[in-house]
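> Below is the sequence, then the predicted model.
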Amino acid sequence: MTRIRTGSPSGTIRPFVPNLGVANDVEGQKADALDHIAKALSAIDHNFEVLINIAKEQNKLLAQIASTLPSKRH
């Protein structure tokens, strides 16, 4: 990699913007990008945990509701 892009097409939201003031060399930019990727992956992992726990709770609630409904077996 010779260069990390600092811009993008108009209207595009890029979550990572290289910190060129701190990392003026390519290796520093790579380290900065990897740090950002690690933080983003950690946030994604956390969000998955939250969503899984919400789904488990909703599944429990649905099971409780279903158990109170009358059976429609003929």
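Structure's in. What do you need?
> Could you report the neighbour count for His36?
Counted by other Cβ atoms under 10 Å, the residues lying close to His36 total 15. Quick note: C-beta positions are derived from backbone N, CA and C, even for glycine.
> Oops, could you answer that again for Phe48 instead?
For Phe48, the neighbour count with other Cβ under 10 Å is 10.
> before we move on, what about Ala31?
The number of residues packed near Ala31 is 14, by other Cβ under 10 Å.
> Find me the pLDDT at it, would you?
pLDDT, the model's per-residue confidence, is 83 for Ala31.
> Now do it against Asp25, distance only.
10 Å (Cβ to Cβ, to the nearest Å).
> what residues are shared contacts of those two?
Jointly contacting Ala31 and Asp25 under the rule Cβ atoms under 8 Å, 6 or more residues apart in numbering is no residue at all.
> now the helices: where do they sit in this protein?
In chain order, the chain shows helices spanning 26-68, with DSSP state H as the criterion.
> where in it is pLDDT low?
When residues are selected by pLDDT under 70, those of the chain lie in 1-24, 73-74.
> how about 50 then?
Regions of the chain meeting the criterion pLDDT under 50 cover residues 1.
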